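**Student:** below is the structure, and that's it, no one-letter string:
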């Protein structure tokens, strides 16, 4: 966690961890219920390239994964 010059904690990016055998679609419905499923899945994929570009098979979710459910926060 990072702090600001006044010592307050800064806002951190929202994330979830997958449930047992949870698919990306199930995770998207659970974590982004107000977003259309296709848009939620696309967003999660783009915010978590470490899972969807590097892993074999692509998109395999592990219970130890940290899955971001929002884009990076601009600090500045």
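**Tutor:** That came in fine, so what should we check first? Since we're looking at a predicted model, the values are computed, not measured.
**Student:** and the helices in this protein?
**Tutor:** Assigned by DSSP state H, the helices in the chain fall at 24-31, 37-47, 49-52.
**Student:** tell me which of those helices lies nearest to residue 73.
**Tutor:** helix 37-47 (11.2 Å; Cβ to Cβ). C-betas here are computed from N, CA, C, even on glycine.
**Student:** and the residue nearest the centre of the protein?
**Tutor:** Closest residue to the average C-alpha location of the chain: residue 68 at 1.6 Å, with Cα atoms, centre = their mean.
**Student:** skipping adjacent residues, who's closest to that residue in space?
**Tutor:** residue 47 (4.3 Å; Cβ to Cβ, 6 or more residues apart in numbering).
**Student:** flag every buried residue along the lowest-mean-pLDDT helix or strand in the chain.
**Tutor:** When each helix and strand of the chain is scored by mean pLDDT, DSSP states H and E, helix 49-52 comes last, with a mean of 87. Neighbour counts over helix 49-52 (16 or more other Cβ atoms under 10 Å) mark 51-52 as buried.
**Student:** which among the helices of the chain is found nearest to residue 72?
**Tutor:** helix 37-47 (7.5 Å).
**Student:** any low-confidence regions in this protein?
**Tutor:** Applying pLDDT under 70 to the chain picks out residues 1-5, 76.
**Student:** which residues touch residue 72?
**Tutor:** Counting by Cβ atoms under 8 Å, 6 or more residues apart in numbering, residue 72 touches 13, 47.
**Student:** ok so, going back, what's the neighbour count on the residue nearest to residue 68?
**Tutor:** 18 (other Cβ atoms under 10 Å).
**Student:** is it true that it touches residue 53?
**Tutor:** No - contact criterion Cβ atoms under 8 Å: residue 47 and residue 53 do not qualify, at 11.9 Å.
**Student:** count the residues that sit near residue 18.
**Tutor:** By the measure other Cβ under 10 Å, the count of residues near residue 18 is 21.
**Student:** residue contacts, the nearest residue to it once chain neighbours are set aside?
**Tutor:** In space, and not counting its chain neighbours, residue 18 is closest to residue 61: 4.0 Å by Cβ to Cβ, 6+ apart. Going by Cβ under 8 Å, 6+ apart, residue 61 touches 18, 22-24, 27, 51, 67.
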